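Trainee: Make a model of this:
(2 chains)
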Amino acid sequence: MNAGISDDTIRHVAHLARIQVADDRVPALARELATVLAYFDKLNELDTSHVEPLTRSVDLHSVTAADEPRPCLATEEALAAAPERDGGFFKVPKVLGDS
Amino acid sequence: MDPVVELSARQLRDAVASRTVTAERAAAAYLARIRALDPAIHAYNEVWHEAALERARALDRAIAAGQKAGPLAGVPVALKDNLCTVQGHTTCSSRILAGYRAPYTATVVRRLEEAGAVILGKTNMDEFAMGSSTEHSAHGPTRNPWDPERVPGGSSGGAAAAVAADLAWFALGSDTGGSVRQPAHCCGLVGLKPTYGRVSRRGLVAFASSLDQVGPLTKDVADCAAVYAAIAGHDPGDSTSLDAPVGDPLAAVERPPRGLAVGVPRALLETGLAPDVAADFASCLRDLQAQGVAVVDVALPALPYAVAAYCVLATAEASANLARYDGARYGARAAGRDYAAMAAATRAAGFGPEVKRRILLGAYVLSAGYYDAYYRRALAARGRLGADFARAFAACDAVALPTAPTAAFRLGERTGDPLRMYLSDVFTTAANLAGLPAVTVPTGIDGDGLPLSLQLIGPALREETLLTLAAAVERARGFRAWKEAAWTSRR
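Mentor: So this is what the prediction gives:
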């Protein structure tokens, strides 16, 4: 497993994670992440060929609520913290467009 | 100091119920201590002076009118600032949630209120619970009341410092990789991480959804049992909540431990422990044996991989859980020509460096091409660890480990080395990965005058066994007396 991580990879992951990273921060981040990822390579030492990957530790399956109407958050409460609103809507810059 | 502060939680509750002490007096005493001492400690992000006094007065009036006093009536509590409250703010010690008012109150908080507790305010933490020292807070660090140059642990460091300095009788924190137990260790408190699903996560701001649990930080085991009993139990508002009987935690505290067996994975403890930690651990095992507890060897071969597996899984889940902080519906918002630019700029400005690191790591391990190498491997390691514990519990009722390899470290000592900081959690992450209950109980003081502790991990749903053993350790070690002596000699 490679221990290095390229600047392009950092920029790609930052794009996936929707976090703007300044160009001058990219090399330092690449180094920091590479150190931690190298530590993750330790997991290769463990023989896990006979074990089912475990996503959760407790055996609960498809817990659903009954399909009954119940009181829920009022529109005004939901919008109370909105940075920008327009009537009963959250207002954001256009979603579809360039990227 | 108002003598009210020296009462145990149960004594205080009984005094309030019998109206020999008012809840208002208790709240006022703690609020006065906060005003005097918290500027130097910074346990609290926010203190609700007026609201706490009003609530305490209302409680006094209700009791005077004949209403039955709840099991925590009048007891002052602090809440980690990732528990949503309609009162005040919920910031997770992050700039991205500066000024945020939650539209609902967390289930665990409502249960404390129903039990009669008086909430004093919200405590400092590592941002979004990501850290082991409370140094990654947007509001600055919290200092350890035992030594102001040391960390209180993290991420529930503010909560731990508040209880240790008598600025709250108990606190609620959250534990994803050790964030209740390790601060309990650093501050000389009892800290419990319940079985995954025992305590509702509704209203706990999510960090890693398969690992997070709310847990109490208390001065002794009996208080831990009382708080746990008040908050545990099924919540239909949390789909991961277990519908299992809570039993009688307070009775478990009184039960003698004779006949129980404690398992020790000796191979894991041969190196890496500070000498005082190693000596204290061995001494605790001897004390348990003297009380009729068998000490047996067990093996947990997958435990050395727990931190790596935890980092992969927690960062992956965090990258998904923190995607919601984009400036659209709440929190801070930076300008952007379109949604994507707004989100990217908001998150760049609003998240601290540790949170950013973890989100990027999480996105990376989940991304195409790396998913099998990291994420699937970490899940398999998690499965191995679960199997190791199941095998160990065939031979014992609980596994004993130190909580941490050292006592509380110095401020600034590990912030320059993220990996070294993650390794603070070498003994605590296993219980989160396996979903098992685990308790930290203070056991002594090291050569630097800092608290030491023992950690016990139990099978799923066996919190009562842990409380029985923890109480036995507490009785044997007499930590309260050590703390009195250590603090008195300092004044």
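Trainee: Need the residue closest to the centroid of the chain.
Mentor: Because you didn't say which chain, this covers chain A. Nearest to the geometric centre of chain A sits residue A:17, at 6.3 Å (C-alpha atoms, centre = their mean).
Trainee: hm, I was asking about chain B
Mentor: Geometric middle of chain B (C-alpha atoms, centre = their mean) lands on residue B:180, at 1.8 Å.
Trainee: Correct me if wrong: that one contacts residue B:194.
Mentor: No. In this structure residue B:180 lies outside contact range of residue B:194 using C-beta atoms under 8 Å: 9.6 Å. Quick note: C-beta positions are derived from backbone N, CA and C, even for glycine.
Trainee: How much space separates the residue nearest to the centre of chain B from residue B:291?
Mentor: 26 Å (C-beta to C-beta, to the nearest Å).
Trainee: tally of neighbours for the closest residue in space to residue B:397 that isn't next to it in sequence?
Mentor: Spatial nearest neighbour of residue B:397, chain neighbours left out: residue B:260 (4.6 Å); criterion: C-beta to C-beta, 6 or more residues apart in numbering or on different chains. Residue crowding around residue B:260 was assessed by other C-beta atoms under 10 Å in any protein chain shown; the count is 19.
Trainee: residues in contact with residue B:260?
Mentor: Contacts of residue B:260 were listed using C-beta atoms under 8 Å, 6 or more residues apart in numbering or on different chains, and they are B:293-294, B:397-398, B:465, B:468-469.
Trainee: ok so, going back, return the residues in contact with the residue nearest to the centre of chain B.
Mentor: Residue B:180 neighbours (C-beta under 8 Å, 6+ apart): B:156, B:173-174, B:191-193, B:215-217, B:440.
Trainee: Helices of chain A, residue ranges please.
Mentor: Residue ranges of the helices in chain A, as given by DSSP state H, are A:7-16, A:26-40, A:75-79.
Trainee: Contact residues of the stretch 101-250 of chain B facing chain A?
Mentor: B:101, B:103-104, B:195-197, B:210, B:236, B:239-240, B:242 (C-beta under 8 Å from any C-beta of the partner chain).
Trainee: if you set the cut-off to 10 Å instead, what comes out?
Mentor: B:101-104, B:195-198, B:209-211, B:236-244 (C-beta under 10 Å from any C-beta of the partner chain).
Trainee: So which of those residues are in helices?
Mentor: Going by DSSP H, the helices hold none of those.
Trainee: Point me to the residue of chain B nearest chain A.
Mentor: The minimum distance from chain B to chain A, using C-beta to the nearest C-beta, falls at residue B:435 (2.5 Å).
Trainee: that older thread, got a markdown table for the contacts of residue B:180, with distance to residue B:145, secondary structure and neighbour count too?
Mentor: Shown next, in a markdown table, are these (distance: C-beta to C-beta, whole Å; DSSP: H, G, I helix; E, B strand; the rest coil; neighbours: other C-beta atoms under 10 Å in any protein chain shown):
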| residue | distance to residue B:145 | secondary structure | neighbour count |
| --- | --- | --- | --- |
| B:156 | 14 | coil | 37 |
| B:173 | 16 | strand | 34 |
| B:174 | 21 | strand | 26 |
| B:191 | 15 | strand | 36 |
| B:192 | 20 | strand | 33 |
| B:193 | 22 | strand | 36 |
| B:215 | 20 | strand | 32 |
| B:216 | 18 | strand | 33 |
| B:217 | 13 | strand | 34 |
| B:440 | 17 | strand | 33 |
